[in-house]
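A.B. asks: Predicted model, plus sequence, below.
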Amino acid sequence: MQSSCIAWSPRVVISREKVQWAPHSSFLILEPTTQNGQTPLDELSLIQNRTEQNRQSAEEEDYEQKSMEKEEEEKEKEKGKTGVEDEGVIDTWLRKHRLLYVGATRHPFILGISDGTIDIFGFKRWLGQDYIFVRAFVPFVASVILKAWKESDDSSDMEVILGGMAALNDELEWFKKEAFKWGVKLSEIIVPQKQNKDYCRFLESLMNLDVEYTVAITAFWAIEAVYQESFAFCLAAGSRTPPELKDTCQRWGNEEFGKYCSSLKNIADRRLKKASDDERKKAEVTLLSVLEHEVEFWNMSRGGT
Ligand SMILES: Cc1ncc(CN)c(N)n1
């Protein structure tokens, strides 16, 4: 039995997001008052009538207030240095496009694995189609390496991406073994389905030399992150993932893959922080396209058109 069938239509989700309600705050115009509830004029006359002693204690208060403010300022600076308090661009986008992100990472295909109701034919379809996708993903990652080499402001980006590239080699081998285990043929017999072809064509468009590194690395992170979040969910406590599918979930749901995705996210966030508005907009649109393609890929795996 399949898990409850929700029609995941990313286009609908996006249009719903466009209708985001932005409530306008209403302002009450009040006479300006000080913290003590007095008008500035009241306070002025009070200050003028102060005795010398009062003036001194006011100065002390002032001094205390200023040093507290300075301390706060220092703390803020410290937060800025560590980045602990700063929300990155990506987290902002994930909040803004939450529906679509959840649609891609908690798709009925994934829910079916985690509650044990997955249709095994769908799983096999996914396996064969994803092998084709990963083969197309390799040149895309190579193009990101090239962009990093040309455009990156941090030489360590290259190592992170290269690590991902090396893992793809293992991944292709894993697909071959897994396909053998499930009796799925990975040769030319498998015809890429429309959704897969569309996604691969999209990857190809991102390989263009005029696509900025910031845009490409954002897409790269998103593609990996969807699998990481989805399959990690299938391994979470309480899930009823069938034992024979655990290996697949481990492949992308493991902690190390999670750390690798965090590194990609940090690179993308660093670049997005420095990017022009135009570049940032392109990256956001690209992220939405990735999420749409991921949803379509899961739909296709479940046998949807
Ligand atoms: C469709 C898809 N998206 C992402 C991944 C993770 N590399 C994948 N293998 N396939």
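C.D. replies: Received, thanks.
A.B. asks: neighbours around residue 136, how many?
C.D. replies: The local packing of residue 136 (other CB atoms under 10 Å) involves 18 other residues. Every C-beta, even on glycine, is put in place using the N, C-alpha and C of the backbone.
A.B. asks: Just to check, it is in contact with residue 202?
C.D. replies: No. The pair residue 136 / residue 202 is not scored as a contact, 9.9 Å apart, by CB atoms under 8 Å.
A.B. asks: need the helices for this protein, in chain order.
C.D. replies: Per DSSP state H, the chain has helices spanning 10-18, 40-48, 52-82, 89-96, 98-105, 108-114, 120-151, 156-182, 194-206, 213-235, 246-253, 255-274, 277-301. These are given in chain order.
A.B. asks: Using JSON lines, lay out those together with distance to the ligand.
C.D. replies: What follows is the helices of the chain, written out as JSON lines (distance: least, CB to the nearest ligand atom, whole Å):
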{"stretch": "helix 10-18", "distance to the ligand": "14"}
{"stretch": "helix 40-48", "distance to the ligand": "61"}
{"stretch": "helix 52-82", "distance to the ligand": "30"}
{"stretch": "helix 89-96", "distance to the ligand": "17"}
{"stretch": "helix 98-105", "distance to the ligand": "9"}
{"stretch": "helix 108-114", "distance to the ligand": "11"}
{"stretch": "helix 120-151", "distance to the ligand": "5"}
{"stretch": "helix 156-182", "distance to the ligand": "7"}
{"stretch": "helix 194-206", "distance to the ligand": "6"}
{"stretch": "helix 213-235", "distance to the ligand": "4"}
{"stretch": "helix 246-253", "distance to the ligand": "6"}
{"stretch": "helix 255-274", "distance to the ligand": "9"}
{"stretch": "helix 277-301", "distance to the ligand": "4"}
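A.B. asks: Make JSON lines out of those helices and add mean pLDDT.
C.D. replies: Shown next, in JSON lines, are those (pLDDT from 0 to 100):
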{"stretch": "helix 10-18", "mean pLDDT": "37"}
{"stretch": "helix 40-48", "mean pLDDT": "43"}
{"stretch": "helix 52-82", "mean pLDDT": "59"}
{"stretch": "helix 89-96", "mean pLDDT": "98"}
{"stretch": "helix 98-105", "mean pLDDT": "98"}
{"stretch": "helix 108-114", "mean pLDDT": "98"}
{"stretch": "helix 120-151", "mean pLDDT": "97"}
{"stretch": "helix 156-182", "mean pLDDT": "97"}
{"stretch": "helix 194-206", "mean pLDDT": "98"}
{"stretch": "helix 213-235", "mean pLDDT": "98"}
{"stretch": "helix 246-253", "mean pLDDT": "98"}
{"stretch": "helix 255-274", "mean pLDDT": "98"}
{"stretch": "helix 277-301", "mean pLDDT": "98"}
